[in-house]
Each structure stands twice: as structure tokens, then as C-alpha cells.
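# Have a look at this prediction, sequence included:
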Amino acid sequence: MTTVAGAGAAIPAGHPRAGWWGTQRNRQLALIACFLLPSLVVFVLYRVLPLGWNVVLSFQAWSPLKPAQWIGLENYVEMWSYDDVFWVALRNTLIFIAASPLAIAAALGIALLVNSDLKGATVYRTIVFLSYPLMAVAVGIIWRWMYDERGGIINYALRASGLVDRPIGFLQDFDWALPSVIFAEIWQVLGFYMIILLTGLQSIPQNLYEAARIDGAPAWARFFRITVPMLRPSLFLCIVVGILNSFSSFDLVYIMTNGGPGHATELLITHIYKSAFVETKFDYAAALTVVQFSLLVVLTIAANRAAGGNAGAVERD
Amino acid sequence: MVTRRTLLKTAAAAAATSVFPTPAIGQASKKITFLTWNIIDQKELIEGWIKRFQAARPGVEVEWLDKKGPDFGPFYQTQLTAGTPPDVINTQGALGLEYAAQGALLDLTPLLAREAAIKSRFDANYLGNWIYEGHNYMLPFYITKTLLFYNKPMFAKAGLTGPPTSFDEILSHAQKMTSGEASTGFMTLNFDWLYWPLFAMNGVQLVTPDLKKTAFNTPKAVEVLDKLAKATQANAINKISWTGRWVEPNGAFGAGNVGMLHAHSPAYFFFKGQGSWVTPETLGVAHMPGFYATPNSHGLGISKGSKNPELAWDFLKFVTDNGQAGELAERRKLVTGNIAVDKASLAKLEKEDPTVYAVLKTQLEHTDKMTGNWRFGNDSRVKEAFWPEVQSALLGRKDAKSALADAERRMSRELARA
């Protein structure tokens, strides 16, 4: 945006255009605010206010037909001391988050292949990305049938190849259920990570690699000393998306296992949903949401710090 | 030149005009909303009812909404919170009792007392499913309870002459029909306490009669749970009994390699569609040992927040009267809880479709042995406290004793908070 010389200068007092509105900078700021206002209003109405109400609700006993009653920390005490499912859901959510690096590493490998001179790289890129636009519900249904113990293709392939002699109840087994859901989730987001990392790879100046080759740096050194550091913003974005996915994979878990068997695949988000809409404990669900939100903020700050701050931005000379 | 002042004046004037109420055109009509549970397949039928109801009452409008089971609760709760609950609602199982406990439903007791003829339409045991703290909150829309379906060829092959008459016979029959992965002896549905007859037939009580304390953590219950878990491990009871909901268990029975299925009557139509083996000669129908059965009926109630409760009551009476109930029974092949309609319907089915007749006849027999239908106002929470622990034991994750102890601890807390 260009400014006219002297535009920031104040207009003499007494002039009709004196005061805050007088300077062009302030008028430009006001114009920017006008353009931002609709989005900000929506953001405040649908994000900030509900979040604030949610925090207040977490300290109350409330149901749709009864007035709210202040109960202090009772919901939180219930969560910490009596709710076994909360701890299981928290553990499962953290496991989900911990699986993100695996997906990112796989995506990076695919991105490196697609970024190379490999024949048909464009086609592979498209194929890998195709899973991302699918609705999570569709992904859940597809994988549920693929994992099916009686007629699923995965069990069929495992038995046909002789790797197993009995079908595996992927979604019915306490040990297999969570990894199975995580694998389906990774399958869905892999394409998205790949595209982000591919963009990052393509923005790395090639002269850095040339200089490194000339200096005799082997491939692994070029990868760890140039590629990974330069990919920091992309990696940070993938990690944050991975954390967000772990907290919001409601559709996938609901369709595939509904948190079962037992609570083997229960996540915080599914526990919140059931507390609110199945058990009609809206106030308790609000407390769970506050805890989830706090955890999300802490993890995002930690990820930012680990990425070197400033969302992993890399200073380039 | 358009000044800022002119612009502001114009905007203020435009905003002011939008505040004036639009004058009513014509006479205002009375409107009620009818929310049903996953019955969209009967669109033509219900729209016909609504048309007839409206035609007989000029100025009345009925809006019909249908929601699938998982969507029903969130939809109704949000409408309650918004202060716009549907006037007439159809719920499944114990959900109606939970809404009654929350104060969401109108007490129908005075209305039924005022119109005794309406009350006498219905089977008393089924009508009583929706009595909470001495007050009746719903009328039967259509009724179901569990029964035992069995695969006669598999019975014959295992040398079994008839359905089991005790819990131990269920397990021994199941074991005889199990052959590795190829076939399994017994399967049950597990949602909404449908598995409870397996405990009830062993004399296990879930709670004390006043519903305030747990009563299930007994040596007998441990023994029953342990036997069920061992049978599951041996594949005599298919694991899907404890992990599936509707499609998987019914689909497995329809596949023709499960000896017995404990399910409620609608399951017949599902697995019949899946399994070409299902014929009057090959499918057996029986009561569970002891005649225990868990109901999973659909009720109709009126939201307390209804702005037209008398009209809603009128609609309720209309939908459950002989005409409409008869049509529903005919089209969907079910029993409605309306005594006259069910009698006529069964008489017709006995000649036209003996298998369906045999299935539906069980729904009206031994209704005094219905179990798993406690009048909890917090049924979902009680279920959530009990079932995951029991499921863990059934799937071999926990021993029966620890599972029941944990379930007792969790359920006691919910009962104390009720």
C-alpha cells in the first residue's frame, strides 16, 4: 500500500477534518477495520462467546430445562478423581498425537520421491492426494468394511497370503482397535501432508544443494542439514494439523468403533460428545472441553517452541 | 454530494423499517411438529395420516420430521435448549423415560384418566414401560421385545431336538453347533440392555426394587459372566455379540452359520433379507428360557414445551387409534400395543405368513416377564457405567469378578447422583 508524502501529517485544529479521522493513516486503518469487521463479528459470535460460555458452564450444574447452579470445581473433581474414561480418552488422544510424526515422515518420503525425476510423479502425487478430500465418514465406512473380520479385504489378503490362519478382529480387539483407527486416519491425511511438504521442498533454493555437493556433503548430510531445517515451517504446519486432527477425529472414531471396544478407541472428543448428547451431562462436557482446549493450546505452544518459534519461519539471507 | 451524515441517516432509516412487524395476512393456523425415530420408509403412510388429520381440522398444520437414531438425541436436546421442542415425539427404548426425568415431557396421566377409553386401548404391560415415578409419559407406537431365533438345519446337524430351556442349555447347544471359524452357536444383540435376559434367567438383579442401589455383584452374576466370557473365547458365542450393534450380528445370522440369535422382532426382517436360507422350514422361533425378554419399544409423547398441547394430544390419539395403528401394523408387519389392532393383525398373519405370525405372537406373550426395562431417569449413564466393564470381561480383557466390582463402583456413583 503506498502512501502519499505527508499523508500522516495532522490537519490544523479547527479544520473540518481535524481529529483522529483527520490523518490518512487512521482513515486507512478504519477502512481495514471495516473489511475485517464481518469476519471478526462472526468469529466473536461463533468462537469467542461460545468458548466463554463454555468455560462458565463448566463451573455450573445445568440442563436444558433447569436453571444453572454454581457448583465450583465439582465437574473438574469428577473428571480427575472419578472418571476412568477421561484418563483413557486422554491417553488415547495423546497416542493419536504421537502417531502424527509417523504420518509426516511417510509423507516426507513420498514428497521426496514425487519431487524427484521419478517417471509419473504427477500421477502418483494425485493418487496419494485423492484420499484427503474424502469425507471422514466415507473414510470410516470404507475402512470399517476393509477391516471386517468376516468379509474384509485385509483379512482376506492376510489369510490368502498365509500370514495369519485366523481372521483378526481389527476393530473388535482391544489391542488392534486404536492402531487400526490411527492407520485409517493417517491414510486420509497423508496426501495433505505430502502437498504441504512438497511445496516446502520446491521452495528450497537449489544452490544450497549445489554448494553442499561441491563441498562433498553426502546425501544424508544434505537431507538433515539443508532439507529438514529449510522445511521447518512446513513441518510445523503438519505437526499442528496433526495435533488438531487428533483432537477432532470424531467422525472417524464414531463411524468405525464409536469409542469401543470398551473404551479402547475413546478420544477426548468422543467422550465430550457422549457426555453431552448421550448422557445429557452438558455441564460436565463443558469441563472436558475446557481441559481439551487447554491441552491443545499447550501443545501448540510447545510445537512452536520446538520449531524454533515464529511458526517455524526460516530466516533467509 | 453524499455526506457521511446522509449515509448514516439512510442506514438508520433502513434498519428501522425492518423492525416493524409484517402485518398478518389471513388467519393464523395452529401448527404442531411430529418428530419420529428412523421411520422414513413409511413416508407415504405418515404423510397420509397427516393429510387426513389436517383435513378433519381446518387451520391445523402438522410438520413431520424424521431423524436416525444417533441424530435424534442431539437434535431433540438442541431444540429443547432453544425452546422449540417438537410437539409430538417418538422415541425408542428408555430414552422417553430420560426425557421425562429431565422434565421435557408432558405427564399424560391426567389425560389418560380423563379418557379411560384411550388407556384401555393398550396392553397394560407395554403402556407401563413409560411410567416414571408413578406418572405415564408415553403411549405405545409400536412394540418389540427380544426372542430366540434358531437355525433348524444347524440344530439337526448338531443332534439338537429343540430350543434351549435353560442358560446352561444355551451354552451347551451353542458349543455343539460351533465348528472352529466355520460356525458359531449363539449370538445376541447388546444395545439397550437387550442381553439382560441372559442374566435375568439366572436370577441376577441389576438394582434393588427402589432403583437406588446396585444388586448385581453376586457370586451368581460372576459365574454367569465368567461362563459367557469362556463361551465367547471358545467361539461358541460369536464375539460380534458384544462388539456389534445391529448390522453385524443380524448380518452374521443371515449368513447362515450362526445357530441361535437373541434379538427383538425387527431383526427377523433384516436377516431374512440377508439370508436366502431363511424359510418357514429352516427358521425356528422361541422364547428365551424362563420367557425373559427385554422390550425395546417405541413410544409417543408430548413435549412439555409444546405450544399446542391439546392439539398434540389429539394427534397422539389419532395416530394410535385403530385406523392408523392398523395401517402401521399392516405395512410394517409389527405389533402396536393396541390390543384390538394386534389381535386382528395376528389373526390375518396366521393365515398369510405363519413365520411372521410366530415371530410377532411372541411379542404379546409373557409380557409380565419383561426385564431390562428399569425406569431409570438416567438410563444412559447407568448403561455407560455398567456395559463397558461387562464388555471388557466378555472379551477377555478383565476377569468377571473385577469387571463386576468396577461396574458396581461406577454405577453406585451414578445412582447416588440421580
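That came through fine.

# Output the below-cut-off pLDDT ranges for the stretch 1-150 of chain B.
B:1-28 (pLDDT under 70).

# tell me which parts of chain B are close to chain A?
Residues of chain B lying near chain A by Cβ under 8 Å from any Cβ of the partner chain: B:73-74, B:77, B:80-81, B:98, B:102-104, B:181, B:239-240, B:242-243, B:245, B:252, B:255, B:304, B:378, B:380-381, B:384, B:388, B:391-392, B:395, B:397, B:410, B:413. Backbone N, C-alpha and C define where each C-beta goes, glycine included.

# Share the number of residues neighbouring the nearest residue to B:Asp353 once chain neighbours are set aside, please.
Leaving aside its chain neighbours, B:Asp353 sits nearest to B:Lys333 (7.7 Å; criterion: Cβ to Cβ, 6 or more residues apart in numbering or on different chains). A total of 19 residues lie near B:Lys333 under the criterion other Cβ atoms under 10 Å in any protein chain shown.

# what comes up buried for the helix or strand harbouring A:Ile95?
According to DSSP states H and E, A:Ile95 maps onto helix A:84-114. Across helix A:84-114, burial judged by 16 or more other Cβ atoms under 10 Å in any protein chain shown covers A:85-86, A:88-90, A:92-93, A:96-97, A:99-100, A:103-104, A:106-108, A:110-112, A:114.

# CA atoms only for the very next helix or strand once past that helix, dumped as CSV, please.
Using DSSP H and E, the helix or strand that follows helix A:84-114 in sequence is helix A:121-129. Provided in CSV are the C-alpha atoms of helix A:121-129 (Å, rounded to 0.1, in the frame of the first residue of the first chain):
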residue,chain,number,x,y,z
ALA,A,121,5.5,-38.4,-10.3
THR,A,122,2.5,-36.2,-11.1
VAL,A,123,0.2,-39.2,-11.3
TYR,A,124,1.5,-40.6,-8.0
ARG,A,125,1.0,-37.2,-6.4
THR,A,126,-2.6,-37.1,-7.5
ILE,A,127,-3.3,-40.7,-6.3
VAL,A,128,-1.8,-40.1,-2.9
PHE,A,129,-3.7,-36.8,-2.5
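
# Give the other helices and strands that the helix or strand that helix A:121-129 is followed by contacts.
Heading C-terminal from helix A:121-129, the first helix or strand you meet, by DSSP H and E, is helix A:136-146. If contacts are counted by 3 or more Cβ pairs under 8 Å, 6 or more residues apart in numbering or on different chains; DSSP states H and E, helix A:136-146 sits against helix A:177-202, helix A:250-256.

# what comes into contact with helix A:136-146?
A:131, A:151-154, A:171, A:180, A:184, A:187-188, A:249, A:251-256 (Cβ atoms under 8 Å, 6 or more residues apart in numbering or on different chains).

# Check which residues of it are buried.
Residues A:Ala136, A:Val139, A:Gly140, A:Ile142, A:Trp143, A:Arg144, A:Met146 are the ones in helix A:136-146 that count as buried (16+ other Cβ under 10 Å).

# Closest one to B:Tyr137 out of these, please.
A:Gly140 (35.6 Å; Cβ to Cβ).

# okay, the angle between the longest helix along chain B and helix A:84-114?
Secondary structure of chain B read by DSSP state H shows that its longest helix is helix B:400-417. Interaxial angle, helix B:400-417 versus helix A:84-114 (axes from the mean of the first three to the mean of the last three Cα atoms, to 10 degrees): 110 degrees.

# got the contact list for helix B:400-417?
Helix B:400-417 has contacts (Cβ under 8 Å, 6+ apart) with A:82, A:84, B:207, B:211-214, B:216-217, B:221-223, B:225-226, B:229, B:378, B:381-382, B:385-386, B:389-390, B:392-393, B:398.

# Emit the ChimeraX select command for whichever of those are buried.
To isolate the buried ones among the contacts of helix B:400-417 in ChimeraX, judged by 16+ other Cβ under 10 Å, type:
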select /B:207,214,216,217,221,222,225,226,229,378,381,382,385,386,389,390,392,393,398
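
# Now B:Ile32: closest residue in space that isn't a chain neighbour?
B:Asp87 (3.9 Å).

# ugh, typo on my part, it should be B:Arg397
A:Phe174 (5.3 Å).

# what do you get for B:Gly290?
B:Gly290's closest residue in space is B:Met201 (Cβ to Cβ, 6+ apart), at 4.2 Å.

# what's near enough to touch that neighbour?
Contacts of B:Met201 by Cβ under 8 Å, 6+ apart are B:Ser166, B:Phe167, B:Met288, B:Pro289, B:Gly290, B:Tyr292.

# Just the closest residue of the stretch 151-300 of chain B to chain A, please.
Proximity of the stretch 151-300 of chain B to chain A (Cβ to the nearest Cβ) peaks at B:Thr243, 4.1 Å away.

# And that residue, how close does it get to B:Asn190?
8 Å (Cβ to Cβ, to the nearest Å).

# Now for the two: what residues contact both?
With Cβ under 8 Å, 6+ apart as the test, B:Thr243 and B:Asn190 both reach B:Gln391.

# thought B:Phe186 was touching B:Ala236?
Yes: with contact defined as Cβ atoms under 8 Å, B:Phe186 and B:Ala236 form a contacting pair (6.5 Å).

# Report the set of residues contacting both of these two.
Joint contacts of B:Phe186 and B:Ala236 (Cβ under 8 Å, 6+ apart) are B:Leu171, B:Ala174.

# Thought B:Asp342 was touching the residue nearest to B:Asp353, still the case?
No: taking contacts as Cβ under 8 Å, B:Lys333 lies outside contact range of B:Asp342: 11.9 Å.

# circling back: correct me, but the residue nearest to B:Ile32 touches B:Asn308?
Yes: using Cβ under 8 Å, B:Asp87 makes contact with B:Asn308 at a distance of 6.2 Å.

# If you count surrounding residues, which of those two has more?
The neighbour comparison of B:Asp87 against B:Asn308 (other Cβ under 10 Å) goes to B:Asp87, with 26 against 17.

# residues contacting that one?
For B:Asp87, the contacting residues are B:Ile32, B:Thr33, B:Phe34, B:Ile302, B:Ser303, B:Ser306, B:Lys307, B:Asn308, B:Pro309, B:Leu311, B:Ala312, B:Phe315, by Cβ under 8 Å, 6+ apart.

# which of the residues in whichever strand or helix holds the third one are buried?
Using DSSP H and E, B:Phe34 sits in strand B:30-37. Of all the residues in strand B:30-37, those buried under the rule 16+ other Cβ under 10 Å are B:Ile32, B:Thr33, B:Phe34, B:Leu35, B:Thr36, B:Trp37.

# Appreciated, that's everything.
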